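> Next one to model:
(chains A and B)
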There are 2 protein chains.
Amino acid sequence: MIDERSVGLVKPQFLTFAEDEPMQLESGATLGPVTIAYETYGRLNAERSNAILIVHALSGSAHAGGYHNPDDRKPGWWDECIGPGKAFDTDRYFVICSNVLGGCYGSTGPSSINPTTGKPYGLGFPVVTIGDMVHAQIKLIDHLGIDQLLCIAGGSMGGMQVLEWAAHHPQRVKATIPLATTAQHSPMLIAFSEVGRQAIYADPNWNNGDYYGQSVKPDAGLAVARMVGHITYLSEESMQQKFGRKLRNLERYGYEFETEFEVESYLKYNGNSFTRRFDANSYLYITKAMDYFDLTQPTGSLAAAFANSTAVKFLIVSFTSDWLYPSYHSKRLVSALTAAGADVTYLDIKSSWGHDAFLLEVDTMTKLIDSFLSRLAREENIAAPPVETSAVNDDDAAETPLAAQAGAAM
Amino acid sequence: MIDERSVGLVKPQFLTFAEDEPMQLESGATLGPVTIAYETYGRLNAERSNAILIVHALSGSAHAGGYHNPDDRKPGWWDECIGPGKAFDTDRYFVICSNVLGGCYGSTGPSSINPTTGKPYGLGFPVVTIGDMVHAQIKLIDHLGIDQLLCIAGGSMGGMQVLEWAAHHPQRVKATIPLATTAQHSPMLIAFSEVGRQAIYADPNWNNGDYYGQSVKPDAGLAVARMVGHITYLSEESMQQKFGRKLRNLERYGYEFETEFEVESYLKYNGNSFTRRFDANSYLYITKAMDYFDLTQPTGSLAAAFANSTAVKFLIVSFTSDWLYPSYHSKRLVSALTAAGADVTYLDIKSSWGHDAFLLEVDTMTKLIDSFLSRLAREENIAAPPVETSAVNDDDAAETPLAAQAGAAM
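Just a heads-up that it's a prediction; the model follows:
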């Protein structure tokens, strides 16, 4: 059931590179070939100056907007903010989203085939960093013929990628929107990552990462990891509002170890359904990449990290009830950027939704992002893309009336 | 190495009841016989009016003060606050601590032998509540010949027991000290409990609770549960201070899935060592008891719960960085008690230690508790216990110069 305000039907696309010469990773290891799954929405303008890269969080994918099939129950993960007239207005901007390196939604990761062995990498996959993920995104942007992105936006781990672009590739981007994030993964974040990993290691079906093609996967461990994660994405207040102490299908306590409270049911449902859509090894690799993220290194100064980023504009947003990435992380970032001389707009938005607020506070985010991007487009004289007057010469065009494919748009 | 300011060598004691007629539980189930492990420190006065009951949190035991053996590396869990001249001054008060029903430190719990089968209960053990734990404590207090306790004190789940006493047995206690606790387990607390339980269920060695006498126990699952717990007992700030992003025995990232950060090492150590001292089934039962705790029921009004508690004095303490039992839980309790007309002293102590603060802020807690108890003893004309002038007629007296046994004291 396709929402008319969405970008409509979209198709995943794939870029493969590092086939001849492997990709150099921050660890010193190499990887190749590398495939990056991506989607695009809207059209590039003639100057190729209206491109916005959306970067996803831990469990996200390249499927940020629209629908893959007419009968999909849900659109892409950030569909509420991507589409005609939405925060990332596809009538004005060319929006790109790719799956991170190490992921399990089409980009090369531990579940991909290791060309050396002909079998899935498993733990043979090299540890990747947020920097490596961004390097892969640069390959994609190069491939799309874009010299400089108008903007990069993302929350949580997406925000880390945004900051990595701003700090290390400032010439490739005009503006950035890091949401509910940090420039340095805190020990509490590392602790929650590690608990999730330990839950996976503890599952005998994990089998040291070698479970592909087996009849059983480490579902139980991955579900526990996801349940822990889900708690951290909410706030005490939002859990009170959402669940309270309500029992599920019960009048009174059962005095047994079945699921009784609504909140238990929510966690169990989300934990179990996650195992049907995510790879346990990818969970290990992606959380590790987050734990390693620390823009204060190697100098110890966050301001130094952004010394060359003074031309980049920042819209930084934190949320008052986000205890996983507390507002002070964003405030430190604002101080460092201000010290470095960057153009920073910062908002600490009052919300009860905890870390999830960056996805849930749609009205507020739409107004904020729209006004930030409109100012940017005005200041930078960004032309609108050509109005599509006829069907694109593409086999799939009939199926994709609203969402032009990157190939068609370029 | 016995600290001279401790109560010295102490011995666990055991009370067994419900041998003929089983104990009636809140669930409607019955249980018998029931054994409660306990320890006592100091001496009862002639009027039996100087007794203080200490109640423990999730993983605690009856061993709150002193040492079991001269070469014990650590004293009891609240030794810093129990002893001559300490917060709970054993020169003035007779201090009692018992292991909760359902526990695994000597009191009847799922690892105890089910007299019907001759085997450990496992999941055959009935689900118990905070109310049931308190009923067992009442049996103990009766056994010790104490009509009315001077005070009951405890933090976290201990605080729930304190509040249960105050609400449902107000005639048995003059004053209570609930620390870092709540009158109603929140959905976030239930969520963390459930994640811990799911980690245990996910361990195949749990075997539906039937693992006693097996060569393997659900250690991996219990360790994950404990790791989650440990994160919640700290604060983001205390983790920054304690661990930061320090690496353990490494100069730089290892780019592998070994323990690298100090905080990972801390969690892993504590998770693993917990499995050597705690029973996974007890973890299930005790967290379930906490989840069921809700003094607003059955009327929906917390003030109504304390309608008969107006003669009880309260010292309520919360800690600013405790996000597991946030201060507003204590503030709600204060409002309800004030509405009910009780005598309440409340402090929200500024601390960076998170939930653990109730055990770590020793100087502050000592001053607070000492002044609260001194006022109480003065107002209630509580006589000091007799000075011990000669060795008690007890085989162990030579070994226990400072800590009189309950039998000797009565």
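> Contacts only, for the nearest residue to residue A:250 once chain neighbours are set aside.
Closest residue in space to residue A:250, ignoring its immediate chain neighbours: residue A:260 at 5.9 Å, by Cβ to Cβ, 6 or more residues apart in numbering or on different chains. Any C-beta I mention is one placed from the backbone N, CA and C, and that applies to glycine too. Residues near residue A:260 by Cβ atoms under 8 Å, 6 or more residues apart in numbering or on different chains: A:247-248, A:250, A:253-254.
> Pick out the lowest-pLDDT one from those residues.
For the contacts of residue A:260, the least confident position by pLDDT is residue A:250, scoring 89.
> Tell me, how many residues neighbour residue A:27?
Per other Cβ atoms under 10 Å in any protein chain shown, the neighbour tally for residue A:27 reads 17.
> Can you tell me the SS state at it?
coil (DSSP: H, G, I helix; E, B strand; the rest coil).
> repeat for the one 10 residues further on
What three-state DSSP gives for residue A:37 is strand.
> For residue A:99, see how far away it is.
Here residue A:37 is placed at a distance of 4 Å from residue A:99 (Cβ to Cβ, to the nearest Å).
> any residues in contact with both of those two?
A:61-62, A:105-107.
> Looking at those, which is nearest residue B:320?
Among the shared contacts of residue A:37 and residue A:99, residue A:61 lies closest to residue B:320 (Cβ to Cβ), at 39.7 Å.
> what secondary structure does that closest one sit in?
On the three-state scheme (three-state DSSP), residue A:61 is labelled coil.
> was I right about residue A:60 contacting residue A:133?
No - counting by Cβ atoms under 8 Å, residue A:60 does not reach residue A:133; the two are 11.8 Å apart.
> mind listing the strands for the stretch 201-350 of chain A?
A:313-319, A:343-349 (DSSP state E, counting those that start in this stretch).
> which one of those is the most hemmed in?
strand A:313-319 (a mean of 25; mean count of other Cβ atoms under 10 Å in any protein chain shown).
> is any part of it close to chain B?
No - Strand A:313-319 is not in contact with chain B by Cβ under 8 Å from any Cβ of the partner chain; minimum separation 13.8 Å.
> Chain neighbours aside, what residue packs nearest to residue A:120?
Closest to residue A:120 by Cβ to Cβ, 6+ apart is residue A:212, at 4.1 Å.
> still on that earlier bit, ok, which pair from the contacts of residue A:260 is furthest apart?
Checking the contacts of residue A:260 with Cβ to Cβ, the most distant pair is A:248 and A:253, at 11.9 Å.
> The two: which is more packed in?
Just comparing residue A:248 and residue A:253: by other Cβ under 10 Å the higher neighbour count belongs to residue A:253, 18 against 14.
> Beta-bridge partners for residue A:96, please?
residue A:40, residue A:53 (DSSP bridges).
> Near the nearest residue in space to residue A:361 that is not next to it in sequence, how many other residues are there?
Spatial nearest neighbour of residue A:361, excluding adjacent residues (Cβ to Cβ, 6+ apart): residue A:351 at 5.4 Å. For residue A:351, the neighbour count with other Cβ under 10 Å is 22.
> that older thread, surely the residue nearest to residue A:120 meets residue A:117?
No - applying Cβ under 8 Å, one finds residue A:212 not in contact with residue A:117, separated by 11.6 Å.
> Count the residues that sit near residue A:170.
So residue A:170, with other Cβ under 10 Å, has 18 neighbours.
> Burial check on the closest residue to it other than its chain neighbours, number of neighbours?
Taking Cβ to Cβ, 6+ apart as the measure, residue A:170 lies nearest to residue A:309, with 4.2 Å between them; neighbours along the chain are not counted. Neighbour count for residue A:309, taken as other Cβ under 10 Å: 24.
> Could you do residue A:364 as well?
16.
> circling back to that earlier point, out of residue A:212 and residue A:117, which sits in the busier spot?
Set side by side, residue A:212 and residue A:117 show more neighbours around residue A:212, with 17 against 10, by other Cβ under 10 Å.
> Could you check how far the more buried one is from chain B?
17 Å (Cβ to the nearest Cβ, to the nearest Å).
> and if you look at residue A:81?
For residue A:81, the distance to chain B - Cβ to the nearest Cβ - is 28 Å.
> try residue A:242
8 Å.
> need the contact list for that residue.
So residue A:242 contacts A:234, A:263, A:266, B:187 (Cβ under 8 Å, 6+ apart).
> quick one: the second one from residue A:273, how far?
Okay, so that is residue A:263. Distance from residue A:263 to residue A:273, by Cβ to Cβ: 16 Å.
> Compare those two (neighbour count), which wins?
residue A:263 (29 against 12).
> OK, contacts around the more buried one?
If you count contacts by Cβ under 8 Å, 6+ apart, residue A:263 has them with A:239, A:242-243, B:187, B:190-191, B:194.
> what pLDDT does it get?
At residue A:263, pLDDT is 98.
> Could you list the buried residues of stretch A:139-152?
By neighbour count on 16 or more other Cβ atoms under 10 Å in any protein chain shown, the buried set for stretch A:139-152 is A:139-141, A:144, A:146, A:149-152.
> can you list these in a markdown table and add secondary structure, pLDDT and distance to chain B?
A markdown table is the format used below for the buried residues of stretch A:139-152 (DSSP: H, G, I helix; E, B strand; the rest coil; pLDDT from 0 to 100; distance: Cβ to the nearest Cβ, whole Å):
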| residue | secondary structure | pLDDT | distance to chain B |
| --- | --- | --- | --- |
| A:139 | helix | 98 | 21 |
| A:140 | helix | 98 | 24 |
| A:141 | helix | 98 | 26 |
| A:144 | coil | 98 | 30 |
| A:146 | coil | 98 | 31 |
| A:149 | strand | 98 | 28 |
| A:150 | strand | 98 | 33 |
| A:151 | strand | 98 | 29 |
| A:152 | strand | 98 | 25 |
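> No further queries at this time; thank you.
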